[in-house]
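A.B. asks: Fold the following.
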Amino acid sequence: MGKQKKTRKHATMKQMLSLRDQRLKEKDRLKPKKKEKKDLSALKEREFPQHPSCLFFQYNTQLGPPYHILVDTNFIKFSIKAKLDLVQSMMDCLYAKCIPCITDCVMAEIEKLGQKYRVALRIAKDPRFERLPCTHKGTYADDCLVQRVTQHKCYIVATVDRDLKRRIRKIPGVPIMYISNHRYNIERMPDDYGAP
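C.D. replies: Prediction:
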């Protein structure tokens, strides 16, 4: 009979002493933490985001003709699909002059999509469209539109994207333009906008 081999135990560690262990010398031991008593008489400071001055409750006083409309990439695509002229259909929807605005991010997104979106690119380069320069990094159009609308509440956002709509609904005083039944509609636009 052969000798039985002993297998070595891998990754065995010696047992570590806690820094609060009684066996350690006094100078090496960790001191217990003392809880600081809070002063109840001191004033509590909390930061609240400043309420925009352009809003009167939910009514946005900055919105009025001529309307500036931020256009998203898919809005142009679906307008072409529904055979709608962007500027004319916007004017039919709002009964006022409309200035479609395109950010650099949206333009970059259309250019990236290539040959398939060449008609959308030609429409986006229309001289009636206002170009808005972007200062942030990256070319993600949804973040760009949400950030711009949060800072300046003078825009209507034209989009068909569900996620973007959901994000914009959380921002008070910003209407959304969308396409339904081969025409443009406005979501969350009170009746007294544009009234003199």
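
A.B. asks: Buried ones in the longest helix anywhere in the chain, by neighbour count?
C.D. replies: For the chain, the longest helix by residue count, based on DSSP state H, is helix 141-151. Neighbour-count burial for helix 141-151 flags 141-142, 144-146, 148-149 (criterion: 16 or more other Cβ atoms under 10 Å). Using the backbone N, CA and C atoms, a C-beta is placed for each residue, glycine as well.

A.B. asks: Stretch 160-179 now?
C.D. replies: 160-161, 164, 167-168, 173-179.

A.B. asks: How far away from the center of its chain is it?
C.D. replies: 10 Å (Cα atoms, centre = their mean, to the nearest Å).

A.B. asks: Now do it: everything it contacts.
C.D. replies: Taking contacts as Cβ atoms under 8 Å, 6 or more residues apart in numbering, the residues outside stretch 160-179 that touch it are 52, 54-55, 58-60, 63, 69, 72, 74-75, 78-79, 82, 84, 90, 93, 142, 145-146, 149-150, 153, 155-159, 184-189.

A.B. asks: Can you list which of those are found in helices?
C.D. replies: Filtering those for helices - DSSP H - leaves 74-75, 78-79, 90, 93, 142, 145-146, 149-150.

A.B. asks: Looking at those, which is nearest residue 105?
C.D. replies: The shortest approach to residue 105 among the ones in helices among the contacts of stretch 160-179 belongs to residue 145, at 7.8 Å (Cβ to Cβ).

A.B. asks: Nothing else from me, thank you.
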